[in-house]
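> please find the sequence and the predicted model below.
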Amino acid sequence: MAEYARLEVDGHVYELPILTGTEGERAVDISKLRTQSGLITLDDGYGNTGSCSSEVTFIDGDEGILRYRGYPIETLAEHSSFVETAYLLIFGHLPTQAEREHFSDLLTEYSALHESMMKHFDAFPTNSHPMAIMSAMINSLSTHERPKIEPGDDAALEIYAAKLISKIRTIAAASYKSSIGQPIIYPRPDLRYVDNFLHMMFSLPYKEYEASPEVSHALNMFLVLHADHEQNCSTSTVRMVASGEANLYAACSAGVVALWGPKHGGANTEVVTMLQRMRREGISPQEFLNQVKDKKNNRRLMGFGHRVYRNFDPRSKILRGAADRLLTAMKIDDPLLGMAQELADLALNDDYFVERKLYPNVDFYSGVILRAIGIPLNMYTVMFSMGRMPGWIANWKEIHDNPGQKIYRPRQLYVGSEKREWVPRHAR
Ligand code: CMC
């Protein structure tokens, strides 16, 4: 039986349908409220607003649950590869052997960049931020070909999705190579996704890099854990751009830019910068927490807190163990991991963090893993963008395939000046 919430304003009662999601989550549907009443809802920062219905990812922030297409993140982190997870996110089911091989073949086929795109790398100033290069290069893919995908045409989408997922890896490695003045290394058709990336990052024309199984495994897991996270800032941006019917490349390049900031994907860089600073300046974890808690310092414990998770971030739990295992396997004694663990343990028992329900998020331990692999600090958010690409594509597809999709166009509450009289220049 249909359920309704009742809203009473100025003596009128409006009945607003209550919708229930697969996992029992309930939402008040206000889409007709303005037509019926002239009222809009106001929720700056969207803390309480569902912007869409989606079938891709489920999060229960109170219970610390994250599932891609119904599969728990813990299971995927243990058993799945990034390529398989990408397929799952985009097409909604685990690929059969044949589907997996076909998708992998496409990734191999499309891994190289058009030769003219290589020239772009020389044109960016040295010290350009790799996220600026990444976004610009993804956008410039549409100068070579505009993806032609009819709504519901999964075969066409598969081709362009493979192009994007494969080329973002080539662009990431090429931007690093050009930033350090080394020759760009071409992809190798015999290597799997993660190993091919490491080859393009670390091989030299005269010396092949060989990834150890521990490093490949850790990076694969890093990418799986970053592959989607429902309506976060960058994914909402991709959906926003997609709703105006911009092409897949354009929408995903907007996603890269949205990911850049320190409150979102940029946090992984900030965590390691924070730990390095503490070490350099001899600030103990407890002293640092005291600085964070003192609001006049306007400082945050980076890698802590999440809009949705109010108990724990399951990705962070997995990464803490993975960081430990990787460093042990590589016989690395990284003091930053010890500091991170001490900070986390102190914060988790500190009233300030407990009361605000602040827990380590995905970015807290990921930097330690990337450091051990040898990924430079300014590439951390680029690594996040590589991981998030399948989620962006899956969300773009939901918008693109929806025949009734409206353009995303929020309302606002105007609080600026009232109507004013024009003052001629000489009289101002
Ligand atoms: N350190 C110290 N205090 C914090 C932190 C933090 N990391 N995060 C939130 N707070 C405090 C904040 O000062 C506020 O306190 P008060 O109520 O006294 O004013 C309260 O907690 C609520 O904070 P908020 O900013 O309103 O919460 P939000 O849900 O809007 O922000 C967040 C979520 C992730 C942006 C925020 O927790 C943050 O800035 N964390 C640090 C950056 C970070 O790690 N970002 C990565 C997020 S996970 C991956 C991703 O999305 O890319």
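Okay, I see it. Numbering: from 1, shown residues only.
> straight-line length of stretch 53-62, end to end?
20 Å (C-alpha to C-alpha, to the nearest Å).
> is it anywhere near the ligand?
No - under the criterion of C-beta under 6 Å from any ligand atom, the ligand is not reached by stretch 53-62; the shortest gap measures 10.2 Å. For glycine as for every other residue, the C-beta is placed from the backbone atoms N, C-alpha and C.
> hmm, who's touching that stretch?
Here stretch 53-62 makes contact (C-beta atoms under 8 Å, 6 or more residues apart in numbering) with 19, 21-23, 65-70, 89, 92, 228-231, 306, 308-311, 391, 394-395, 398.
> filter these by proximity to the ligand?
His306.
> tell me which of the contacts of stretch 53-62 fall in strands.
19, 65-68 (DSSP state E).
> got a list of what the closest residue to the ligand within the chain touches?
Using C-beta to the nearest ligand atom, the closest approach of the chain to the ligand is made by Gly305 at 2.3 Å. By C-beta under 8 Å, 6+ apart, the residues touching Gly305 are 356, 358-359, 361.
> ramachandran angles for it?
Dihedral pair for Gly305: phi 90, psi 150, per degrees, to the nearest 10.
> residues from the protein in reach of the ligand?
Residues of the chain that fall close to the ligand, judged by C-beta under 6 Å from any ligand atom: 232, 263-265, 267, 292, 300-307, 356, 358, 361-363.
> now, those residues that are in helices?
Among the residues of the chain next to the ligand, DSSP state H puts 267, 292, 363 in helices.
> out of the residues you listed, who's nearest Tyr408?
Closest to Tyr408 out of those is Ala267 (25.1 Å), distances taken as C-beta to C-beta.
> and for the closest one, the neighbour number?
25 (other C-beta atoms under 10 Å).
> next up, the contacts around it.
302-303, 361, 363.
> likewise for Ser51?
Counted by C-beta under 8 Å, 6+ apart, Ser51 has contacts 231, 236, 239, 408.
> looking at those residues, which has the most residues close by?
Arg239 (22 neighbours).
> OK, contacts around that one?
51-52, 231, 395-396, 398-399, 408.
> what do you get for Gly255?
234-235, 237-238, 241, 385, 388, 392.
> state whether it is indeed within a strand.
No - judged by DSSP: H, G, I helix; E, B strand; the rest coil, Gly255 forms no part of a strand; its state is helix.
> which pLDDT value goes with it?
As predicted, Gly255 sits at a pLDDT of 98.
> what do you get for Met1?
78.
> count of residues packed around it?
Neighbours of Met1 (other C-beta under 10 Å): 2.
> with Glu208 instead?
For Glu208, using other C-beta under 10 Å, the count is 11.
> can you check the one 5 residues further on too?
Other residues lying near Pro213 total 9 when counted by other C-beta under 10 Å.
> buried among the contacts of Gly305? Make that a PyMOL selection.
Remark: buried members of the contacts of Gly305, expressed as a PyMOL selection using 16 or more other C-beta atoms under 10 Å:
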select buried, resi 358+359+361
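> distance to Leu413 and pLDDT added to the contacts of Gly305, as TSV?
Listed next are those as TSV, based on distance: C-beta to C-beta, whole Å; pLDDT from 0 to 100:
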residue	distance to Leu413	pLDDT
Arg356	27	95
Leu358	29	94
Tyr359	33	92
Asn361	31	91
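> among the contacts of Gly305, which are in strands?
Among the contacts of Gly305, no member lies in strands (by DSSP E).
> and the pLDDT for Asn127?
At Asn127, pLDDT is 83.
> quick revisit: of the ones in strands among the contacts of stretch 53-62, buried ones?
Buried residues within the ones in strands among the contacts of stretch 53-62, defined by neighbour count using 16+ other C-beta under 10 Å: 65-68.
> quick one on the thing from earlier: show me which of the ones in helices among the residues of the chain next to the ligand is closest to Ser316.
Asp363 (8.3 Å).
> got the contact list for the closest one?
265, 267-268, 270-271, 302-303.
> look at the closest residue to Glu23 other than its chain neighbours and give its secondary structure.
Leaving aside its sequence neighbours, Glu23 sits nearest to Phe58 (C-beta to C-beta, 6 or more residues apart in numbering; 5.9 Å). Under three-state DSSP, the three-state class of Phe58 is strand.
> count the residues that sit near Phe58.
The local packing of Phe58 (other C-beta under 10 Å) involves 19 other residues.
> that one and Glu230: what is the separation?
8 Å (C-beta to C-beta, to the nearest Å).
> check Val215 too.
Using C-beta to C-beta, Val215 is found at 29 Å from Glu230.
> who's more crowded, the two?
Using other C-beta under 10 Å as the criterion, Val215 and Glu230 rank with Val215 on top: 21 against 17.
> the more buried one contacts His199, doesn't it?
No - under the criterion of C-beta atoms under 8 Å, Val215 is not in contact with His199, lying 11.7 Å apart.
> pLDDT score assigned to His144?
89.
> sorry, that was for Arg310
87.
> do Asp324 as well
So Asp324 comes in at 90 (pLDDT).
> contact partners for it?
With C-beta under 8 Å, 6+ apart, Asp324 has these contacts: Leu337.
> how far away is it from Ala372?
11 Å.
> next: Arg420.
From Arg420 to Ala372 the distance is 60 Å (C-beta to C-beta).
> please identify which of these two sits among more neighbours.
Ala372 (20 against 7).
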